[in-house]
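*Asks:* Sequence and predicted model, in that order:
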Amino acid sequence: MSRNHFDLLMLGHFAVDRIVVDGASETVSGGGVYYGGMAARRLGATVAVATRLREQDYDRLAEMRREGITVYPAPAAETSGIANYYDSGDMERRTCVPIGFAGAIQPDDLPIDWAHAPGAADDSGITARVYVIAPIMAGEVSLALLARLAQRGPVAMDVQGFVRVRVGDELLFRVSPQLDEALQHVTYLKVDRAEAEALTGETDLARAARTLAQRGPREIVLTESAGVTVLAEGQLHRAPFRPRSLAGRTGRGDTCFATYLTMRLSRSPAEACRWAGAVTTMKQETPGPWRGSPAGVERYLAEMA
């Protein structure tokens with residue numbers, strides 16, 4: 001495979017987050033490109049990440065590079081981040097406070113040769129099998145950039161990039177007026193239960209997934225505390241999360257979506273869903289990105305069969 005061609009090109013802000021549990025604070029790396037990119041790479045995908053952050057924080061990207069991820073950073077005035085507040089008695093619930101925003105990713109931030117179609121003889125930029133929009137909050141990737149990426153290949157998107165809005169020191173659910181048009185360009189859509197209910201008015205996950213699919217996306221990946229539900233090719237698939245601990249709760253959805261996308265490169269929706277459930281189960285038990293192996297996932301699935 002060409003060194004300029006990747007399985008996944010992930011766009012979004014690398015974050016420097018704070019995790020606060022019962023008042024005890026820890027500064028950690030974060031963001032969808034981090035948690036998702038690390039999981040995808042561990043599963044064998046070739047991964048590139050395009051992101052924005054302060055140049056003073058560039059050294060934090062070394063962790064992803066050591067995993068074999070190709071990183072394309074663009075300088076920003078500040079690094080994005082979120083303070084996640086938890087009560088150890090209920091790690092399922094959290095309060096999220098924005099503590100930085102690196103600004104919108106620009107077309108020129110991406111190592112893409114926009115002048116030529118993918119595969120053209122004179123195309124010197126990178127290409128990908130799937131272009132993954134993995135934002136922390138709204139404003140990272142514009143509708144215009146999403147549409148341009150969709151002209152180059154399938155786009156996967158976490159809907160929080162169009163509904164998780166910074167308002168002062170809060171992150172609020174606000175639906176962008178551009179969301180309906182954005183969904184027309186999306187092949188794989190990730191939502192959580194709260195987002196699905198708010199966007200569709202449906203509390204039943206199956207109905208919510210089918211309603212979202214009618215708005216454009218071909219496959220829906222819907223997460224909640226109990227597991228993941230996938231709608232693909234008209235069929236529903238479910239896989240449970242069975243963590244023994246929620247110490248690694250942060251990054252759950254990013255890990256789940258990236259695992260699904262990686263496995264869909266070579267497997268059926270049903271198998272990709274099973275793997276997403278297994279990897280996300282293991283990820284939630286340990287803080288930080290998932291650092292397991294495909295062999296470990298196979299053992300887990302065999303034990304659960």
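*Replies:* It's in. Numbering: from 1, shown residues only.

*Asks:* When you work out contacts or count neighbours from here on, use the C-alpha atoms and nothing else.
*Replies:* Fine.

*Asks:* Tell me where this protein has helices.
*Replies:* 32-42, 62-66, 143-150, 160-163, 179-183, 193-200, 205-213, 252-264, 269-283, 294-304 (DSSP state H).

*Asks:* Identify the residue nearest Thr259 in space, chain neighbours excluded?
*Replies:* Ala276 (5.2 Å; CA to CA, 6 or more residues apart in numbering).

*Asks:* for Glu224, same thing?
*Replies:* Arg193 (5.4 Å).

*Asks:* ok, that neighbour - contacts?
*Replies:* Arg193 makes contact with 205, 222-224, according to CA atoms under 8 Å, 6 or more residues apart in numbering.

*Asks:* one more time with 7 Å
*Replies:* 222-224 (CA atoms under 7 Å, 6 or more residues apart in numbering).

*Asks:* So it versus Arg218, what's the distance?
*Replies:* 18 Å (CA to CA, to the nearest Å).

*Asks:* Listing partners with orientation, what would you give for the lowest-mean-pLDDT helix or strand in the chain?
*Replies:* The weakest-scoring helix or strand in the chain, judged by mean pLDDT, DSSP states H and E, is strand 90-100 (a mean of 84). Strand 90-100 has the following strand partners under DSSP bridges: strand 81-87 (antiparallel).

*Asks:* residues in contact with the partner strand?
*Replies:* 15-22, 93-101.

*Asks:* Which entries within the residues you listed meet the buried criterion?
*Replies:* The neighbour-count test (16 or more other CA atoms under 10 Å) marks 15-21, 94, 96-101 as buried among those.

*Asks:* Determine which two of the residues you listed are furthest apart.
*Replies:* Val21 and Phe101 (22.9 Å; CA to CA).

*Asks:* just to revisit the earlier point, reformat the helices of the chain as a markdown table; add mean pLDDT.
*Replies:* Output for the helices of the chain, formatted as a markdown table (pLDDT from 0 to 100):
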| stretch | mean pLDDT |
| --- | --- |
| helix 32-42 | 98 |
| helix 62-66 | 98 |
| helix 143-150 | 97 |
| helix 160-163 | 95 |
| helix 179-183 | 97 |
| helix 193-200 | 95 |
| helix 205-213 | 97 |
| helix 252-264 | 98 |
| helix 269-283 | 98 |
| helix 294-304 | 96 |
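
*Asks:* Same list (these) but as JSON lines, adding distance to Thr127.
*Replies:* Output for the helices of the chain, formatted as JSON lines (distance: least, CA to CA, whole Å):
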{"stretch": "helix 32-42", "distance to Thr127": "16"}
{"stretch": "helix 62-66", "distance to Thr127": "19"}
{"stretch": "helix 143-150", "distance to Thr127": "10"}
{"stretch": "helix 160-163", "distance to Thr127": "22"}
{"stretch": "helix 179-183", "distance to Thr127": "21"}
{"stretch": "helix 193-200", "distance to Thr127": "31"}
{"stretch": "helix 205-213", "distance to Thr127": "26"}
{"stretch": "helix 252-264", "distance to Thr127": "16"}
{"stretch": "helix 269-283", "distance to Thr127": "23"}
{"stretch": "helix 294-304", "distance to Thr127": "25"}
